[in-house]
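Participant: Coordinates only, no sequence provided:
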């Protein structure tokens, strides 16, 4: 047994605010707008790498970035990590015998540091999520960096329907309609991983080599669920920022926006209040003569604003992403940003001379997100938030993650989640009816603590409390081997990112703890394996 | 904590025999014949209730019985158990969003003894297997008998593609071809159960009521796998005669036929030897002039024997079923049989006057199985063992359970399992390619002890060592709550059958142990639940 220190935070992550009450925005259009945002936010953080149909909100504004991480991929291959790219033919439907074409699942593999099957060298497998796998490989430096000390093989399989892993021969065909998209499900993706690992183990004569899973965000959910559904496949999982509880009413629906808001409030109460007040200001400006023109000018938009709702989307996306990537050092994850970007946003919002119009303040702030490099001449707003993107499909089928916002506790307008409208939207957009209760039926959720306690083992749920997704994740220790690593200053799966010289001590410590836990799993496995051999 | 006594048997179940070596049967035809038998035996024991297409080996001989248990069902509703019949609309494919018609899953439900949600009355759910659910309800008296003392609701959902639970509107349509059959898989069936339970719990406001699973044979496999795959759905499972290890090379491929043989050898070594010698006698007789006519006469067949292979099938089926239903009391499960039927078979084989032809002895013996009531005038042999039956489809897709027979250890001709021929047969019969490694990828198997130890809890694997399927089941205690109940004198899921006045003491004890274990699960659950409420 080894010892390790876990850092726990006892406060409720959804800090209730007692600030002044923002005026209620009740227009039907607004409700509709908030609805689409609530299900899209999770999406956009990750599908930005999907070049062919990245049309969800805010993505249009990141087109420059999208170009950089286009699906062809080779130009962003991380030079610092060496791997081969291979393809594995997968069944399209693992759970039926329908005669369907197979598809090539791309995976990146490195055996450079693997000590081989004789020494039971571990296999580190990253559960590819909703995007090009090379981009995830590049942004998951932790796995590559620790592989040598573990003598581990590294495998990054791509998630079906993303990157190059396209059924039906091409992204165009795969994304054609609900029929071709219908096999884009979580359970199929988990089965893909299981079949691939089983095949790899056989080809490498590595049947007894322990597999350790890694995943961030939706990939973290996949890693945790895989540990529950395929316990015989892998010995443990590091599930970073994995909101497996963000379904039905398991966590308060306001959690996400409350945490985003808290990111701003902790930096500056005035900043928080300016944002809180800005929504009504936008609405009332929009209703005046020439109001949309004025807003277009204030926010330096390339095209004339058609509706204030589009501006809401643009701003809310910026705030939400900022909370997710509120890293303590300069980063390039979603946008080029300074360290502590929300601190910088608030510094600018608050710093404008007294008497400045509130919307001008806001514009100064969001410039940090949309134009930190200063290269943007003007901003394009998306006018088609319902494009055929992979994550939007998943959100409209299984990944139904309801969210509301509460005007008392957040800086956002009030919005109450409405499943009926949501369903209607999915029927309109994809011709598909969501199954909002399926994920909890298939994976559990309501009694997840009991389930994990009794059936889970060797799972790390790591979360940073700045990350709005932390509210839907597991934030308590469940058992000796199902542990929660919570960092007060962490944002979205920061622990999986490549280490930098600017890493704060708590991040260095967090990663050290994770390494010790993984070492423990492997050491336990070796001991049991030895015991079996000795018998 | 309560105490209970488990009865364990330490001997290896596959007793190695040192009897004389039977001559090796090497004809290609014979190999093919044994192949089909090896994958069919499991089938026929259970699909006999499927009236529309029960064409697998030996079933033709049970047509009288089939009529009795026809799919319409109402006439064999067990009068002693009161229930309602209901239907639940299920998705055809739970794991994709293909636009497919739903189908009505039939389920039997009784709330007569249920103490209701306030008192957290348990829900006993039998995992319907490959047949008409009313027949299973009738043959699973244990669940009905213990329900009152537990204050339990009883639910018997039917397995998709069996009985009345037919996709595409009718059995004829559902069984039309590989396309319509393609959703007949184990994972879909488990998802059916999970979705149904979740819905029932909601409708009965019984969210917190503990579910206990029951299942025999393939139903037992479903119960055990459901406990691993859906631990959040049920608190425990009684998996009776569930050969979850009869896949790939997890157990010796000869296990099944060795156990069948041992059933005969333990009764009479001479009987065992007569059977062992009979195969060559049949082959050599068949090769003589008029040999097939003589065999037709000896075995009182209605139609002239076309090939000795058909006779092999007929005899091997009888021996295998006899071992499965080698119950200590008269029974009507597959055929009308006396208690200890193999004892009676051997009494007749051995009892024929000295000097009698060996084949006449054999005929005397198998009459016990095929004609104990004496009502059969002659016997019909099946000439189409590859009909579209549900279990044959399952055996040709996921349930690939390889079997060989060893001439040294068994009374059967030697046969070495040949996957290539098996695959060819499935391609010919159904146009489907089996996935022989899928079950172990999906559910585990090779390391099942480790998996069950770490992830399983509250599972009883009950087995009788006379049952040839016991060799592919879990026969060791795995942990404090994953236990194996082994009875030396038990046959195929005898513990689930209705109690009789002739039940031997070991069976009464076994059931008492099972009741105590289930009480323990429920009591643990209540305590934990109470602890949560008290918090």
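Facilitator: Okay, I see it. Model, not experiment: these values are computed from the prediction.
Participant: Next, count neighbours for residue A:358.
Facilitator: 18 (other C-beta atoms under 10 Å in any protein chain shown). Heads up, the C-betas are built off the backbone N, CA and C, glycines and all.
Participant: Tell me which residue in the stretch 351-500 of chain A sits closest to chain B.
Facilitator: Per C-beta to the nearest C-beta, the residue of the stretch 351-500 of chain A with the smallest distance to chain B is residue A:444, at 3.2 Å.
Participant: which residue is nearest the centroid of chain A?
Facilitator: With distances taken as C-alpha atoms, centre = their mean, residue A:217 lies nearest the centre of chain A, 3.7 Å away.
Participant: still on that earlier bit, what count of nearby residues applies to the residue of the stretch 351-500 of chain A closest to chain B?
Facilitator: Other residues near residue A:444 number 22, with proximity taken as other C-beta under 10 Å.
Participant: What separation do you get for it and residue B:198?
Facilitator: The span separating residue A:444 from residue B:198 equals 11 Å under the rule C-beta to C-beta, to the nearest Å.
Participant: Does residue A:482 touch residue A:453 like I think?
Facilitator: Yes - counting by C-beta atoms under 8 Å, residue A:482 does reach residue A:453; the two are 7.0 Å apart.
Participant: if we can go back for a sec, could you name every residue contacting both of residue A:444 and residue B:198?
Facilitator: Here residue A:444 and residue B:198 share the contacting residues residue B:233, scored by C-beta atoms under 8 Å, 6 or more residues apart in numbering or on different chains.
Participant: Leaving out sequence neighbours, find the closest residue to the residue of the stretch 351-500 of chain A closest to chain B.
Facilitator: Here the nearest residue to residue A:444 in space, its sequence neighbours aside, is residue B:232; by C-beta to C-beta, 6 or more residues apart in numbering or on different chains that works out to 3.2 Å.
Participant: Same question for residue A:159.
Facilitator: residue A:128 (4.3 Å).
Participant: do residue A:285 as well
Facilitator: In space, and not counting its chain neighbours, residue A:285 is closest to residue A:291: 4.6 Å by C-beta to C-beta, 6+ apart.
Participant: ditto for residue A:449
Facilitator: In space, and not counting its chain neighbours, residue A:449 is closest to residue A:478: 5.9 Å by C-beta to C-beta, 6+ apart.
Participant: in a strand, that's where the one you found is, yeah?
Facilitator: No - under DSSP: H, G, I helix; E, B strand; the rest coil, residue A:478 sits outside any strand and is assigned coil.
Participant: ok, and the closest non-adjacent residue to residue A:218?
Facilitator: If you skip the residues right next to it in sequence, residue A:218 has residue A:129 as its closest partner in space, 4.3 Å away by C-beta to C-beta, 6+ apart.
Participant: after the helix or strand of chain A with the lowest mean pLDDT comes which helix or strand?
Facilitator: Among the helices and strands of chain A, helix A:63-68 carries the lowest confidence by mean pLDDT, DSSP states H and E, at a mean of 20. For helix A:63-68, the following helix or strand on the C-terminal side (DSSP states H and E) is strand A:84-90.
Participant: Direction included, what does that next one pair up with?
Facilitator: Applying DSSP bridges, strand A:84-90 is found paired with strand A:103-110 (antiparallel).
Participant: Can you give me the buried ones in the partner strand?
Facilitator: Within strand A:103-110, the residues that qualify as buried are A:103-110, counting by 16 or more other C-beta atoms under 10 Å in any protein chain shown.
Participant: What of stretch A:421-432?
Facilitator: A:422-423, A:425-426, A:429-430, A:432.
Participant: can I assume the residue nearest to residue A:444 is in contact with residue A:447?
Facilitator: Yes - contact criterion C-beta under 8 Å: residue B:232 and residue A:447 qualify, at 5.8 Å.
Participant: Please say which of these two ends up with more neighbours.
Facilitator: A count of neighbours by other C-beta under 10 Å puts residue B:232 above the other of residue B:232 and residue A:447, at 23 against 18.
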